[in-house]
Structures are given as structure tokens and as C-alpha cells.
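Undergrad: My questions concern the predicted model and sequence given below.
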Amino acid sequence: MYHRPLPLTLEDRTGQITNSDFDDMYDRLFFHVSRLPGRMTTKIYEMNIRASRYRSTQPLRTDAIIQLDFLADESLGSVSFFKPPSGSMPMSQYLKKTAFFGSSLSRKFLGSDGKEYKWGYRTVPGQEWSCTTMDNFLVAHYDLKPSNVRAYDVSGNTLTIYEQFAHLSAEILASLIIMRHIAQFNL
């Protein structure tokens with residue numbers, strides 16, 4: 001019998017791009033995404049425990065691993081990485097369009113492993129967002145719960161990252177948030 005590693009299945013607790021928690025259903029990885037009201041900065045934190053009412057009432061005791069700075073009109077600003085390899089760059093340079101005259105909802109980014117990955121909006125049936133290698137090998141996908149489907153004790157919104165790309169989880173999440181921001185504000 002062939003055993004395949006389980007993908008990271010991160011439940012997006014709210015489905016919002018500015019304030020949510022992404023918790024793996026097998027408790028392997030937890031992220032918190034936060035933006036203070038009136039601010040243009042979205043921060044991504046790697047957490048040690050699953051989201052809960054208790055955790056949400058406590059002050060964050062960790063530094064952000066990624067910071068997304070948008071401009072006052074919600075246009076693209078800069079992305080900063082605080083874990084090695086650390087650095088900062090304009091979002092338009094980090095997430096480049098895949099074609100000069102192509103859709104703004106198809107963009108590629110260079111991962112910390114030196115390989116290029118691309119995001120596409122509704123390019124695969126049943127997936128809201130799909131992230132692939134440049135050879136079209138599926139890396140991750142984001143799915144929103146359809147409005148006509150009931151979900152009990154879960155949001156139904158998931159980011160699935162395949163095991164061989166788990167080392168890119170934070171980058172995949174950051175690039176997804178930027179892509180969803182581009183779609184929401186028609187950038």
C-alpha cells in the first residue's frame with residue numbers, strides 16, 4: 001500500500017483578507033492574519049496554538065513573520081519578510097503578471113527555494129485560487145465555501161498546501177492574500 005503525505009489543510013476562519021486565522025486541521029501549523037482598523041498594514045504571524053476565544057483576547061507575544069504594506073488607496077505597496085531569507089520589495093515586483101497584457105489575476109512569484117510559482121483565479125474547476133509550478137504542477141489551492149452549502153463548526157474556507165511545498169507555507173499565504181486583495185480592489 002502506498003502512503004502519500006497529507007497536505008496541510010488550513011481552515012480560513014473568516015474568509016476575510018485582513019483578519020483571520022489559518023489553522024491546519026491536524027494541528028501542524030497555525031497562522032494569524034491581522035490588520036488594525038484604519039491602518040494599511042496587514043501582518044502575518046506564525047502561532048504556536050490553534051485559534052480560540054482565549055488566544056484572541058491575549059496580546060500577541062510574537063513578531064510578525066511577514067508584513068504587507070498597502071498604500072492609502074489600497075493599491076499595492078511593499079511586502080517584507082522577517083524570517084530568513086529576509087528582505088523587502090514592492091508587491092508589484094514580488095507578484096509579477098504572467099503576461100504583459102494578461103489578466104491581473106494571474107501572477108507569479110519567486111519562492112525562497114529559488115523556483116517560480118504562479119497563482120491563477122478560477123483556472124481549475126472547483127478551486128477559487130490555484131497555485132502551481134511553472135510546469136503546472138499543483139502546489140496549493142484556496143477554496144471558499146459556496147453560499148448554498150452548510151458548514152457546522154467550521155468555516156468551509158480552506159487553503160490546501162501539498163506536503164512537498166510545506167516549507168513555502170508562509171510565502172504561499174502571503175501571496176494568496178495579495179492576490180485576493182488585487183481581486184477585491186480590481187487592481
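TA: Everything's here; your move.
Undergrad: from here on, contacts and neighbour counts on C-alpha atoms
TA: Noted.
Undergrad: Contact partners for the nearest residue to residue 91 once chain neighbours are set aside?
TA: Closest residue in space to residue 91, ignoring its immediate chain neighbours: residue 78 at 4.9 Å, by CA to CA, 6 or more residues apart in numbering. Going by CA atoms under 8 Å, 6 or more residues apart in numbering, residue 78 touches 68, 69, 70, 88, 89, 90, 91.
Undergrad: redo that, cut-off 6 Å
TA: Counting by CA atoms under 6 Å, 6 or more residues apart in numbering, residue 78 touches 69, 89, 90, 91.
Undergrad: try residue 47
TA: Per CA under 6 Å, 6+ apart, neighbours of residue 47: 30, 31.
Undergrad: If we use 7 Å, what do you get?
TA: Taking CA atoms under 7 Å, 6 or more residues apart in numbering, we find residue 47 in contact with 30, 31, 32.
Undergrad: Could you do residue 8 as well?
TA: 24, 160, 161, 162, 163.
Undergrad: Find the nearest non-adjacent residue to the second one, please.
TA: Pointing back at residue 160 there. Counting by CA to CA, 6+ apart, residue 160 lies nearest to residue 9, which is 4.5 Å off, once chain neighbours are set aside.
Undergrad: Likewise for the third one?
TA: Beyond its immediate neighbours in the sequence, the residue positioned closest to residue 161 (CA to CA, 6+ apart) is residue 140, lying 4.3 Å away.
Undergrad: Great, nothing more from me.
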